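A.B. asks: output the structure for:
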Amino acid sequence: MPLPDESMLGTEIDGSKSQDYCLYCYKDGTFVQPDMTLAQMTAFLAAKMEDMKIDAPLTSNILQTLPFLKRWKQRSEILDYEV
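C.D. replies: Next up is the predicted model:
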């Protein structure tokens, strides 16, 4: 997600702001939902964007970027989902 200002940043274990993760995903140096898979995140965000009435082409473009974000690039998951 875009992190337009510091208030949206997650926190590291020392309380400093994370430069990589948002406050919804990352707190005190750990992921809020550490076991969430890429496929689960994709489904979660797709539902959220549908609720927010974000059009399908934009939703698809956003979801296709997920595997390239730092959290998911570090994992060796098989991309077994469709966007």
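A.B. asks: measure the closest residue to residue 14 other than its chain neighbours to residue 7 for me?
C.D. replies: With CB to CB, 6 or more residues apart in numbering as the criterion, residue 14 has its nearest non-adjacent residue at 7.7 Å, and that residue is residue 29. All C-beta atoms are positioned from the backbone trio N, CA, C, and that covers glycine. In this structure, residue 29 lies at 18 Å from residue 7, with CB to CB, to the nearest Å as the measure.
A.B. asks: which of these two has more residues huddled nearby?
C.D. replies: Between residue 29 and residue 7, residue 29 has the larger neighbour count (other CB atoms under 10 Å), namely 13 against 8.
A.B. asks: that one against residue 16, yeah?
C.D. replies: No: distance between residue 29 and residue 16: 9.5 Å, which falls outside the contact criterion (CB atoms under 8 Å).
A.B. asks: shared neighbours of these two, anything?
C.D. replies: Between them, residue 29 and residue 16 share no neighbouring residue, with contact defined by CB atoms under 8 Å, 6 or more residues apart in numbering.
A.B. asks: show me the longest helix that occurs in this structure.
C.D. replies: Taking residue count as the measure and DSSP state H as the definition, the longest helix of the chain comes out as helix 38-51.
A.B. asks: show me where the chain has its strands.
C.D. replies: Listed in chain order, the strands of the chain (DSSP state E) span residues 9-11, 17-22, 26-27, 30-31.
A.B. asks: what distance separates the second one from the centre of its chain?
C.D. replies: Taking the mean of its C-alpha atoms, strand 17-22 sits 11 Å from the chain's own mean (CA atoms, centre = their mean, to the nearest Å).
A.B. asks: ok, residue 32 touching residue 26?
C.D. replies: Yes: using CB under 8 Å, residue 32 is in contact with residue 26, at 6.7 Å.
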